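Colleague: Pasting a predicted model and its sequence here:
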Amino acid sequence: QVQLVESGGGSVQAGGSLRLSCAPSGRTVSSYNMGWFRQAPGKEREFVAAVSWTGGRIYYADSVKGRFTISRDNAKNTIYLQMNSLKPEDTASYYCTARDYSYSGNYYSPEEWPYWGQGTQVTVSS
């Protein structure tokens, strides 16, 4: 079992920035593909971004392209989600997720990710 610990959520005005962090407890992040999903009240969990275990493949939802950047620092055993130009519609709980490096399912479906963090709240006010 992989335990994921997220940090960095908070409240910000539209146009502001936040950086989320995620680290697996007791595991080496370099062994996992990593991703971020988000879920707003009354809505389904949706894909935000993902990065392969090598860092060579990166994927973004269309709604965040050009504004969010996913990155990984294997030396610090941490992945990040830098969120710029935040909009009120970005308000949601953000979840870090992981799966084994050998898993080849699609990145966009939450059912393809077995390990999840507890979530961190991001609130963007207009």
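Modeller: Cool, got the structure.
Colleague: Can you tell me, leaving aside adjacent residues, what's nearest to the most centrally placed residue in the chain?
Modeller: Nearest to the mean C-alpha position of the chain, by Cα atoms, centre = their mean, lies residue 36 at 2.1 Å. Nearest residue to residue 36, sequence neighbours excluded (Cβ to Cβ, 6 or more residues apart in numbering): residue 48, at 4.3 Å. C-beta here means a position set from N, CA and C on the backbone, and glycine is covered the same way.
Colleague: helices or strands next to the strand or helix carrying that neighbour in the packing?
Modeller: Assigned by DSSP states H and E, residue 48 belongs to strand 46-51. Contacts defined by 3 or more Cβ pairs under 8 Å, 6 or more residues apart in numbering; DSSP states H and E place strand 46-51 against strand 32-39, strand 58-60, strand 68-73, strand 78-83.
Colleague: repeat that for 7 Å
Modeller: Strand 46-51 is packed against strand 32-39, strand 58-60, strand 68-73, with contacts defined by 3 or more Cβ pairs under 7 Å, 6 or more residues apart in numbering; DSSP states H and E.
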